[in-house]
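Enquirer: based on what follows, work out the 3D shape:
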Amino acid sequence: MDNKLHDEPSTVTAEHGQVLVDGPDGVAVSLTPDAAVETSDRLLEAAVEAQGQIVTMTLADKEHAARKAG
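Expert: Numbering: from 1, shown residues only. Predicted coordinates for the structure are as follows:
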């Protein structure tokens, strides 16, 4: 598995009743429309969760720095 963190979004197109996803490092996936909708839902849910984790980590870092300074 590629553990590299990518900051470029994938390219997504629809062709011939399929959803095509072209991602970094040559990742290419063809999905049915139903699979694409479910994948989209899962991506959005995980993205929101990850953003919350970043906020939590940032707040914890600020609290730790404040305790250390004061």
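Enquirer: all strands for the chain, in order.
Expert: Taking DSSP state E as the criterion, the chain carries its strands at 11-15, 18-22, 28-31.
Enquirer: tell me which of the ones you listed sits most buried.
Expert: Across the strands of the chain, averaging neighbours per residue (mean count of other CB atoms under 10 Å) puts strand 18-22 on top, at a mean of 15. Glycine gets a C-beta too; all of them are placed from N, C-alpha and C.
Enquirer: relative orientation of that strand and strand 11-15 in degrees?
Expert: Interaxial angle of strand 18-22 relative to strand 11-15 (axes from the mean of the first three to the mean of the last three CA atoms, to 10 degrees): 160 degrees.
Enquirer: now strand 18-22 - C-alpha only, CSV.
Expert: Provided in CSV are the C-alpha atoms of strand 18-22 (Å, rounded to 0.1, in the frame of the first residue of the first chain):
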residue,chain,number,x,y,z
GLN,A,18,-19.1,4.1,-15.9
VAL,A,19,-17.4,6.5,-13.5
LEU,A,20,-13.7,6.6,-14.0
VAL,A,21,-11.3,7.8,-11.3
ASP,A,22,-7.7,8.7,-12.1
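Enquirer: who does it pair up with?
Expert: If you go by DSSP bridges, strand 18-22 pairs up with strand 11-15 (antiparallel), strand 28-31 (antiparallel).
Enquirer: follow-up on the earlier one: with distance to Ile54 as added columns, please give the strands of the chain in a markdown table.
Expert: Listed next are those as a markdown table, based on distance: least, CB to CB, whole Å:
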| stretch | distance to Ile54 |
| --- | --- |
| strand 11-15 | 24 |
| strand 18-22 | 24 |
| strand 28-31 | 26 |
